[in-house]
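**Q** predicted coordinates and the sequence they were generated for:
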Amino acid sequence: MLTIYFSPHMTSTDNEAKRASGYADVPLSDAGRQQSHELGQHYAAYPLVAIFCSDLQRAVDTAQIGFGARGLPIIPDSRLRETDYGDLTQHPTAELDAQFPLRIRTPFPNGESLAMAVQRTGDCLRDALTAYDQTAVLVIGHRATKYGLDFWCGDQTLEDIVATPWEWRDIPIWHYDLHAEAFIRRTL
């Protein structure tokens, strides 16, 4: 079993502008940089051995600002990226939110489906489980990353996961346990 803690990247410039970034590589805002410092402080007592993050700068910078001083390996991985919204990249967040139920298995125009994003997240998690079994890691990612964690570490359908409103937390830390059996019993 792999213990996984998840936190989304901190506030980006697109978050402040209420745009859905997708694969757009936008930076953290000033507020996001401060939140990243605070996030690292919240995790100070957690027994982490590695940090996995999306390779997009808003996730990498969250990891480096919050955790770089701890000396833990920070492992950027493109499989932890947000969903590729294709032609809808950087459109208003409300427009994308309305599309999500329609895009579970049908890709965004010139992009990918939520199921495709969850599958690649699962591929990354399988590799993390192999390399870090019986330890605890942190994953810093996006909504798609959390959908992947909810799917591979739980028993809900992807449809139910997508229908559940995003739960923002004052201290954005979620806990998951990943078992090897998840990759046998769960299919998309």
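**A** Yep, that arrived. Numbers count the residues shown, from 1 in each chain.
**Q** so which bits of the host helix or strand of residue 175 are buried?
**A** Assigned by DSSP states H and E, residue 175 belongs to strand 174-178. Using 16 or more other C-beta atoms under 10 Å as the test for burial, strand 174-178 gives 174, 176, 178. For glycine as for every other residue, the C-beta is placed from the backbone atoms N, C-alpha and C.
**Q** longest helix in this structure, please.
**A** Of all segments of type helix in the chain, defined using DSSP state H, the longest is helix 114-132.
**Q** what's the angle from whichever helix or strand comes after that helix to strand 174-178?
**A** Going down the chain from helix 114-132, the next helix or strand is strand 136-141, by DSSP H and E. For strand 136-141 against strand 174-178, the angle by axes from the mean of the first three to the mean of the last three C-alpha atoms, to 10 degrees is 120 degrees.
**Q** partner strands of strand 136-141, with direction?
**A** Looking at strand 136-141 with DSSP bridges, its partner strands are strand 2-8 (parallel), strand 50-54 (parallel).
**Q** now do the shortest one: distance to the chain's middle.
**A** The reference is to strand 50-54. 10 Å (C-alpha atoms, centre = their mean, to the nearest Å).
**Q** numbering from 44 from now on, please.
**A** With 44 as the first residue, the last one maps to strand 93-97.
**Q** okay, helices next: where are they in the protein?
**A** Using DSSP H, helices in the chain cover 56-60, 73-85, 100-110, 136-142, 157-175, 186-195, 201-206, 225-228.
**Q** rewinding a little: nearest to residue 189, of the strands paired with strand 179-184?
**A** Nearest to residue 189, of all the strands paired with strand 179-184, is strand 45-51, at 6.1 Å by C-beta to C-beta.
**Q** run the chain-centre distance for that closest one.
**A** With C-alpha atoms, centre = their mean, you get 9 Å for strand 45-51.
**Q** repeat that for stretch 79-86.
**A** Offset of stretch 79-86 from its chain centre (C-alpha atoms, centre = their mean): 17 Å.
**Q** report the mean confidence score over it.
**A** For stretch 79-86, mean pLDDT is 97.
**Q** for the helix or strand of the chain with the lowest mean pLDDT, packing partners?
**A** Lowest on mean pLDDT, DSSP states H and E among the helices and strands of the chain sits helix 225-228, with a mean of 89. Of the remaining helices and strands, none touches helix 225-228 by 3 or more C-beta pairs under 8 Å, 6 or more residues apart in numbering; DSSP states H and E.
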